[in-house]
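S.K.: please find the sequence and the predicted model below.
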Amino acid sequence: MSRSIAISIVCLASCFSLDAYAQRHTFSAADSGGYRPPADSIHVYDSAYRARKALLDQWVRRQDRAAVPQEDFISIYAGYGGDLQILPRDLNQLFSERVLRPAADQASDRNSYQTVDRAIILSGQAQLAETWGIYFEYDLVEKWFNTSVDNTSPAPYNISGAVEELDLTEHSFIVGGMYVLYSGPFYRLRANGGIGGVVALTSETESIGGAARSASAAGYQVNFDLLNDFRVAQRVSFTIDLLARSVTTGALKTSGGQTLDAAFGKGDHARITIQPTASNVVYGAAAGLVFYF
């Protein structure tokens, strides 16, 4: 009996010793770095995700730095005419006759270019492919004539010292196409061409007697632009616009249907020999900004 109890005690002691030995060796293996988590541990996937995200973020930042705003779909251009020359032949001759210029000067005045006093350009563009797109444009052009009559004509048309004024205003609405000739990170060259309608308005005044009248005419306009875009920010370019315009209208008429060769004020109206239109050509340079969306 006592021998059986002794054997049992020895067996239990041996089992506890083996278990303690196994635990001791397991912990020492973990402490020495020999332990590895299972392959499907969530920590393994977290590390892979963070690595892939870091690479993706780096690629996005690199693309943003290299991107050019000219590749965006929609842009808006606002410009102002800096040095534009206009040749309205009929109005040049009309005003030459109105201020009683000598007859010899009227033909030369007819072919004389003059500076546009105000020109505003507002345009929206949709780039439909890498090299071409479409655009819509509004143009405002204004030219102001203002001259004192300095010669004397026979009575009753003696208006020496009178101030004669003639103002021209044009509103144009153009649609057309755009083609990119060159595009780089900091510079883009594009050509625009289009056609649309134009409404021309004139206003005349004569200081003696306060005579005044207005007239209008409608027609069409043809545009051609060569635009030089210089990138100044991610979504903004400074633009120099080399432009040409051709305007063709009918005869200018008052609200009562009279053409501008009809009697007006006290000038020598027998010398008005034409029924003026607002037809003209414009060329020169404008400057402005392009905003990209």
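M.R.: Good, I have the coordinates.

S.K.: after the helix or strand harbouring Ile134 comes which helix or strand?
M.R.: Here Ile134, judged by DSSP states H and E, is contained in strand 132-148. Using DSSP H and E, the next helix or strand after strand 132-148 towards the C-terminus is strand 163-183.

S.K.: counting contacts, what elements does that following strand pack onto?
M.R.: With contacts taken as 3 or more Cβ pairs under 8 Å, 6 or more residues apart in numbering; DSSP states H and E, strand 163-183 sits against helix 89-98, strand 118-127, strand 132-148, strand 187-206, strand 211-233, strand 236-249. For glycine as for every other residue, the C-beta is placed from the backbone atoms N, C-alpha and C.

S.K.: do that again at 10 Å, thanks
M.R.: If you count contacts as 3 or more Cβ pairs under 10 Å, 6 or more residues apart in numbering; DSSP states H and E, strand 163-183 packs onto strand 74-87, helix 89-98, strand 118-127, strand 132-148, strand 187-206, strand 211-233, strand 236-249, strand 280-292.

S.K.: and the ones you listed as a markdown table, adding mean pLDDT, mean neighbour count and distance to Asp105?
M.R.: What follows is the helices and strands packed on strand 163-183, written out as a markdown table (pLDDT from 0 to 100; neighbours: other Cβ atoms under 10 Å; distance: least, Cβ to Cβ, whole Å):
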| stretch | mean pLDDT | mean neighbour count | distance to Asp105 |
| --- | --- | --- | --- |
| strand 74-87 | 94 | 18 | 16 |
| helix 89-98 | 90 | 23 | 6 |
| strand 118-127 | 95 | 18 | 27 |
| strand 132-148 | 94 | 17 | 12 |
| strand 187-206 | 96 | 18 | 20 |
| strand 211-233 | 95 | 18 | 23 |
| strand 236-249 | 96 | 19 | 25 |
| strand 280-292 | 96 | 19 | 20 |
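
S.K.: let me have the ones you listed in TSV, adding distance to Val175 as columns.
M.R.: Shown next, in TSV, are the helices and strands packed on strand 163-183 (distance: least, Cβ to Cβ, whole Å):
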stretch	distance to Val175
strand 74-87	14
helix 89-98	27
strand 118-127	10
strand 132-148	5
strand 187-206	6
strand 211-233	10
strand 236-249	15
strand 280-292	18
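
S.K.: out of these, which is closest to Asp261?
M.R.: Closest approach to Asp261 among the helices and strands packed on strand 163-183 (Cβ to Cβ): helix 89-98, 8.1 Å.

S.K.: tell me the angle the closest one makes with strand 280-292.
M.R.: Put simply, helix 89-98 runs at 120 degrees to strand 280-292, going by axes from the mean of the first three to the mean of the last three Cα atoms, to 10 degrees.

S.K.: which secondary structure elements does helix 89-98 contact?
M.R.: Against helix 89-98 (3+ Cβ pairs under 10 Å, 6+ apart) you get helix 103-110, strand 132-148, strand 163-183, strand 187-206, strand 280-292.

S.K.: could you dump the ones you listed to JSON lines with distance to Ser214?
M.R.: Compiled in JSON lines, the helices and strands packed on helix 89-98 are given as follows (distance: least, Cβ to Cβ, whole Å):
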{"stretch": "helix 103-110", "distance to Ser214": "23"}
{"stretch": "strand 132-148", "distance to Ser214": "14"}
{"stretch": "strand 163-183", "distance to Ser214": "9"}
{"stretch": "strand 187-206", "distance to Ser214": "5"}
{"stretch": "strand 280-292", "distance to Ser214": "18"}
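
S.K.: looking at the ones you listed, which is closest to Phe230?
M.R.: Closest to Phe230 of the helices and strands packed on helix 89-98 is strand 187-206 (Cβ to Cβ; 6.0 Å).

S.K.: surely Ser112 is in a helix?
M.R.: No. Using DSSP: H, G, I helix; E, B strand; the rest coil, the assignment for Ser112 is coil, not a helix.

S.K.: next, count neighbours for it.
M.R.: 13 (other Cβ atoms under 10 Å).

S.K.: next up, the contacts around the closest residue in space to it that isn't next to it in sequence.
M.R.: Distance criterion Cβ to Cβ, 6 or more residues apart in numbering; nearest residue to Ser112, sequence neighbours excluded, is Asn92 at 5.9 Å. Asn92 is in contact with 86, 106-114, 145, 166, 276, 280, counting by Cβ atoms under 10 Å, 6 or more residues apart in numbering.
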